[in-house]
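Novice: Only the shape, not the letters, is given here:
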């Protein structure tokens, strides 16, 4: 499902690693880097999370917040954040309803369905303005920083 950009970002409310409900609406008026990833503490997901962690200061300097979403539970997120000193919000989407809404759930290798590694940049008006499909984890944080600068310059 490829939508024409920009389009309204689907709203959601999910719980974070502390059991607190977080909604996309909580970030109204801010840029949001929303990324979906398959599983806490797996090689590719760790590389991607650490890349975003390392770029976080530049991303927040551009007025953006990072939110990561997987099917993992709060306990798993807490361990993942602590082990890798992740400095952004991780949310649990156990029934993949938010993944479905964003088109980040679907066919994977060997005919199985699952989480697709995708990143969405949402502008302060709540519109998706950039979609990265099939994200390459290494260097993704810097890629997002450059795209935020480009989008904000326009």
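Specialist: Structure's in. What do you need? From a predicted model like this one, the values you see are computed outputs, not experimental measurements. Numbers count the residues shown, from 1 in each chain.

Novice: top helix in the protein by residue count?
Specialist: When the chain is parsed with DSSP state H, its longest helix is helix 43-61.

Novice: Next, the buried residues of it.
Specialist: 45-46, 48-53, 55-56, 58-59 (16 or more other Cβ atoms under 10 Å). (Glycine included, C-beta is placed from N, CA and C.)

Novice: elements contacting it?
Specialist: In terms of contacts (3 or more Cβ pairs under 8 Å, 6 or more residues apart in numbering; DSSP states H and E), helix 43-61 is packed against strand 31-36, strand 64-70, helix 74-84, helix 140-153.

Novice: same for the third one, what does it pack against?
Specialist: Using 3+ Cβ pairs under 8 Å, 6+ apart as the contact test, the elements touching helix 74-84 are strand 13-16, helix 43-61, strand 89-92.

Novice: These: which one's closest to residue 72?
Specialist: Closest to residue 72 of the helices and strands packed on helix 74-84, according to Cβ to Cβ: strand 89-92, at 6.3 Å.

Novice: Now do the contacts for the closest residue to residue 139 other than its chain neighbours.
Specialist: Closest residue in space to residue 139, ignoring its immediate chain neighbours: residue 51 at 6.1 Å, by Cβ to Cβ, 6 or more residues apart in numbering. Residues near residue 51 by Cβ atoms under 8 Å, 6 or more residues apart in numbering: 137-142.

Novice: Narrow the residues you listed to just the buried residues.
Specialist: 137, 140-141.

Novice: give me the beta-bridge partners of the residue nearest to the spatial centre of the chain?
Specialist: The residue lying closest to the centre of the chain (Cα atoms, centre = their mean) is residue 35, at 1.6 Å. With DSSP bridges as the criterion, residue 35 is bridged to residue 68, residue 119.

Novice: Go ahead and confirm it touches residue 45.
Specialist: No: with contact defined as Cβ atoms under 8 Å, residue 35 does not count as touching residue 45 (9.9 Å).
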